[in-house]
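Participant: sequence first, predicted model second:
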Amino acid sequence: MVISTGLSLNQKIKIFETCSLIRHVELEISRRYDMGKMRCPVHLSIGQEGVPAALSLLLNKKDYAVSTHRAHAHYIAKGGNIKRMIAEIYGKSTGCSGGKGGSMHLVDKKKGFMGSSSIVGNSIPLGVGLGLSLKLKKSKNLSIIFLGDAAVETGAFFESVNFSILKKLPVVFICENNLYSVYTPLKDRQPKNRKIYKMVSGLGIKSYFFDGSKPFSFFKKLEKILQKTRKKSEPCFIEFSTYRHLEHCGPLNDDYLKYRPKKELEKWLKKDPYISMKSTLEKNIKIKNSIKNIEKKNIRTVNTSFLFAEKSNFPTKRSLKKNVYKKK
Amino acid sequence: MYIRKNNKITFVEAINESIHLEMIRNKKLITFGLGINDPKRIFGSTKGLVEKFGHQRVFDVPTSENALTGIGLGLSLGGNPVLMTHQRADFFLLAFDQLINSISKWNYMFDGNSGIVNITIRLIVGRGWGQGPTHSQNLQSIFSHFPGLRVVIPTTPYDVKGLLSSSLRDPNPVIFLEHRWLYNSEGYVPKKNYLVNLEKSKVLRNGKDITVISTSYMTPELKNIYKKLEDKHIDFEHIDLISCKPLDKKTIINSVKKTGRIIVLDTGFESNSISSEIISLVNEFCFKNLKHKPVRVNVPDIPEPTSYGLTKFYYNDSNDILEKISSIFLKKTNKLKKNFLTHHDVPGSWFKGPF
C-alpha cells in the first residue's frame, strides 16, 4: 500500500541526501577510529539520521541550533562545514573549534550552529536564550534545541521549557528518544508507560510525537509545526523515537554486552532510516541513477574532508594560551 | 542621576547609576534577575530601570538560577549583552553547571568562534543580622579557580560604578561581588560614565614597612585604623585587591619586594582562599625579600553561625586587623573604642536587616 505523504520526489531526494551524507561521515569515522588519529570520544549518530535529515530542509542559516554530545548529525544537517568538523575531531588547528573542543564541542556560527555541549541538558538554556535574542530582534527565525531522552530528566530542561512558554519564544525542542542514557534504559530512569511528550505537554507547551526513523511520513507535519512556530512565536516540543546502532561512545558495536533486548534491536535495525529511504527511492527507476550519484558525491565529500583533516597541522604551542579571555 | 552632597553618593546609588548609563549607551543590553522589578528593587540597585527601559530589557524571572544563566549565555551569543543580579550569592551556586561547564570556557572551547560572552553576574554577599550559613558566603576563591572568568570585588562607590560599566562592556564573563555592608557607604563619584580597569589592584596608600592587601569589607575595616597604624609608626602600603581573577600579580609582587612583609585580609574561608593564593604567589616570587612570614586573616573554616552570640567570635574587624599587624612589628595594641558601633553584627545603625 502506498501512503501519500504529500512530499515531492525532490524533497524526498534531498532528505535522503543529507541522511546519506551523515551516514557516510559517521561510517568513515567508525572505520578509521582504530587508527588512533581521532583521539577524543565520539558519539556517532548512525541510526539517528532521520530527524536531522528532515530538519535540514526546513531550516535556514539564520535559524539557530544547539546540540549535545551526539552532535555530528545536527551540525551536518544545519549545513556545518564538514572539513572543519573532521579536522576538529582530529584535533587540528583547522577544526571548527581550533582543536580545543573536539567531537562534543562543534560550532559553525555562519550556519547558525552555535555550539554543542557534552553535559546532558547543558545546551538547552543556551538555545532558549538564543530564542529570546531572536524575539527581541522581532526576527522570524527559530532556535532549535536538540536533546535526548535523558535531558528531560534534568532541572535545566524544566526551567527552560517553563521560561520559553512564559516568554513565548520561537524555540523548538527536538527530543531524540533513543531509549538509553549510556547503558541505562528508560525503565530505570522514568516511570513505566510514561510518554515523554505527554508529560512535557503538561507544562503547557504544544507537544508532538513522531517515529524518527520515518522522515518521509512525518516531514509534512513537521513542516507545518515549524511554520506555525515561526508565525506565532511560541515554543513547541517534539519527541522522535529513534535508535543508535553502535555503542554510546566509540566506533564499535557493543551489543555483545546484551544490554539491549534482542527483539528491540532487531526491530530498530529493520527501521534503519538510511536503508529504508534508499530502498524506497531506488524502486523508482527514473531516479536510481541520481541516488547513486548522490551517494558518490557524499563519499567524495567525506574523503576530501578526511584528507583535509589528515593534512592539517596540529595547533601550535602558542594556541594553548589563546582565547582563555577574549581580547577587546 | 543622583543628587550629590559634596560630590558624594552611596555605593548602591553608584551601581544604579552605572546600569542606567550603560543601558542608555548600549540599547542591546538586557538585565534580569529575581526581584529586580519588585517593590524593593534589590536594595534600590535596580531602581527606575524598568520604568525607563521597559519590560523587554528589564525583567523579573522564574526561580531558575541554572537555566537563567544559560539563557544569559544564549542572549549574549545572539548579540545581547547581559547583566544578571542575585540578591544573595549563595543562590547562584545552583547555576554552576552553566557557569563552569559553559560560560567560563565558552570562548576557549570554541576557540573564539561562537560569538561574544558578554555577561556580568552581580552577586550580593550578606553578613550579620543572622544571615547564617547560607546567606553570607564569600565565594570569591571558588569563582577564581576557573580560567576564563573575571572576578571583581569593588569596595568604594567610585570603583563600583566604573567597574560595573567596564564589566558591561567587557567581552568576557564577569562575576561581580557586592558586599551588602558597603551599600550605604558614601564616596566621590563623577556624574559622567567612566571605566575602571577590571584587572588592576589599587594602591590606596604607599608605605615601606608592610604590604596590606584587603578584599571586600576588609578594605573599610583597614581604612578605619589608618590613623592607629600611623600613630605606631607603621608605614604600611595598602592595596585594595579589587580583581581576584586574574590576579594583578605585578602590583602585588612589586609591593612585597619593596616592603618585605605581607598580610592579606580576606573575607572568605581560610583554606584554599584568595589569601592562600596571594601568599603562594609571594612565596614564589618574593621569597628572598621576605623579612617576616606571610600572614593571612580569614574567617575560619567554619560555616557562619546564625546566632548573635556566636557571630561575635567569627568575623575579623578593625581591632583584629590592628592586633595582627601590630604583632608583626612586636608592638602592643590599644584597641579602638567601639562607640561608633552598638552591635558587632551590623555595619551601622542604618542596617536593621532583615537581609
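Facilitator: Sure thing, it's come through. Residues are numbered from 1 along each chain as shown, chains lettered A, B, ... in the order given.
Participant: show me which residues of the stretch 101-250 of chain A sit near chain B.
Facilitator: A:101, A:105, A:107, A:109, A:114-115, A:117, A:119, A:121-134, A:136-137, A:143, A:155-156, A:159-160, A:162-163, A:166 (C-beta under 8 Å from any C-beta of the partner chain). Just so you know, the C-beta spots here come from the backbone N, C-alpha and C atoms, and that holds for glycine as well.
Participant: buried subset of those residues as a PyMOL selection?
Facilitator: In PyMOL, a selection of the buried entries from these looks like this (16 or more other C-beta atoms under 10 Å in any protein chain shown):
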select buried, chain A and resi 101+105+107+109+114+115+117+119+121+122+123+124+125+126+127+128+129+130+131+132+133+134+136+143+156+159+160+162+163
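Participant: let me know the distance separating residue A:79 from residue A:27.
Facilitator: Residue A:79 is 20 Å from residue A:27, where distance means C-beta to C-beta, to the nearest Å.
Participant: kindly report the same for residue B:43.
Facilitator: Residue B:43 is 59 Å from residue A:27, where distance means C-beta to C-beta.
Participant: could you point out the longest helix in chain B?
Facilitator: When chain B is parsed with DSSP state H, its longest helix is helix B:11-25.
Participant: ok, the helix or strand that it is followed by near chain A or not?
Facilitator: Going down the chain from helix B:11-25, the next helix or strand is strand B:30-33, by DSSP states H and E. Yes: counting by C-beta under 8 Å from any C-beta, contacts between strand B:30-33 and chain A involve residue B:30.
Participant: do stretch B:77-90 as well
Facilitator: Yes: residues of stretch B:77-90 are located near chain A by C-beta under 8 Å from any C-beta, namely B:77-80.
Participant: determine which two of the residues you listed are furthest apart.
Facilitator: Farthest apart among the residues of stretch B:77-90 next to chain A by C-beta to C-beta are B:77 and B:80. That separation is 9.0 Å.
Participant: more neighbours: which of those two?
Facilitator: Taking other C-beta atoms under 10 Å in any protein chain shown, residue B:77 and residue B:80 do not tie; residue B:77 has more neighbours (26 against 22).
Participant: find the centremost residue of the chain, please.
Facilitator: Since you didn't name a chain, this refers to chain A. The C-alpha lying nearest the average C-alpha coordinate of chain A belongs to residue A:74 (C-alpha atoms, centre = their mean; 3.0 Å).
Participant: not quite, I wanted chain B
Facilitator: Taking C-alpha atoms, centre = their mean, chain B has its central residue at residue B:153, 2.1 Å away.
Participant: and chain B, split by domain according to the record?
Facilitator: B:8-188, B:202-328 (automatic domain parsing).
Participant: comparing those domains, which comes out most buried?
Facilitator: Ranked by mean neighbour count under mean count of other C-beta atoms under 10 Å in any protein chain shown, those are led by domain B:8-188, which reaches a mean of 22.
Participant: do me a favour and get the end-to-end distance for it?
Facilitator: With C-alpha to C-alpha, to the nearest Å as the measure, domain B:8-188 spans 4 Å from end to end.
Participant: surely residue A:328 is in a helix?
Facilitator: No: under DSSP: H, G, I helix; E, B strand; the rest coil, residue A:328 sits outside any helix and is assigned coil.
Participant: give me every residue that touches it.
Facilitator: B:170-171 (C-beta atoms under 8 Å, 6 or more residues apart in numbering or on different chains).
Participant: give me the pLDDT value at it.
Facilitator: Note for residue A:328: predicted pLDDT of 82.
Participant: what do you get for residue B:348?
Facilitator: At residue B:348, the model reports a pLDDT of 81.
Participant: number of nearby residues for it?
Facilitator: Residue B:348 has 12 neighbouring residues, counting by other C-beta under 10 Å.
Participant: state the distance from it to residue B:182.
Facilitator: Plainly put, residue B:348 is 11 Å away from residue B:182 if you go by C-beta to C-beta.
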